[in-house]
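[1] missing the sequence, but the structure's below:
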Ligand code: C5P
């Protein structure tokens, strides 16, 4: 068996959903459990890396001396924390399912039920992965996820380019037992040239090993060019 290299590096990992407040009792959210992001954080830490884990609202615990967990609620908070830590990191793995929109106004009182239709005005949230992609140095790697309702490599590649990512992990919500809340996943990893890895259905903890292996390979390649 190949001896695993100890990682003397620091990574930023985002995980889970974000919740965008509507009023004191309601929010816009999604079904992300955070399991994939936490598994990647754990895998990086177990290989010796330091991890800054920026977690949205999830029901998960993590306990590793190399992991510093920062809990956030909204996309704006996740964005602020990522920008605070990124420059001191060797790489960022953006696993969070960040809400695309947030209400323009957060009502201070619970919005009352009416018989009329109710229109909620939404504004676009910042794209955290694209923001880090835009400011990354030559020695930093940024990895994103593309969750599609069909296994669409072209869409994933387009995202990789637009966000200036080094790798993108494609997972399809149509693949049985893959996606948000399951313990298993089935992924493809793409770089700018196309698919470089296909996992088949596996536990998220095993997928995390595959992803970290590819991150290390890609980093070694990027650093050899620098
Ligand atoms: O564009 P889309 O939401 O499909 O992109 C998914 C990738 O971008 C994921 O890596 C996700 O964590 C990241 N993302 C982000 N900030 C957003 C939206 C997505 O970091 N506002």
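    Perfect, thanks for sending it. From a predicted model like this one, the values you see are computed outputs, not experimental measurements.
[2] from here on, contacts and neighbour counts on C-alpha atoms
    OK.
[3] for residue 21, what are its contacts?
    By CA atoms under 8 Å, 6 or more residues apart in numbering, the residues touching residue 21 are 27, 28, 74, 102, 103, 106.
[4] how does it look with 7 Å?
    27, 28, 106 (CA atoms under 7 Å, 6 or more residues apart in numbering).
[5] Same check on residue 147?
    170, 171, 172, 173.
[6] What parts of the protein come near the ligand?
    94-98, 100, 125-129, 144-146 (CA under 6 Å from any ligand atom).
[7] Which of those fall within helices?
    Using DSSP state H, the subset of the residues of the chain next to the ligand located in helices is 128, 129.
[8] Turn the residues of the chain next to the ligand into CSV, including neighbour count.
    Shown next, in CSV, are those (neighbours: other CA atoms under 10 Å):
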residue, neighbour count
94, 25
95, 27
96, 26
97, 24
98, 28
100, 16
125, 17
126, 16
127, 16
128, 21
129, 25
144, 26
145, 22
146, 23
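[9] tell me which of the residues of the chain next to the ligand is nearest to residue 191?
    Residue 191 lies nearest to residue 144 out of the residues of the chain next to the ligand, by CA to CA, at 10.6 Å.
[10] Report the contact partners of the closest one.
    Counted by CA under 7 Å, 6+ apart, residue 144 has contacts 93, 94, 95, 129, 165, 167, 168, 169.
[11] So which residues make contact with stretch 78-97?
    Contacts of stretch 78-97 (CA under 7 Å, 6+ apart): 9-18, 32, 37, 54, 72, 128-129, 139-145.
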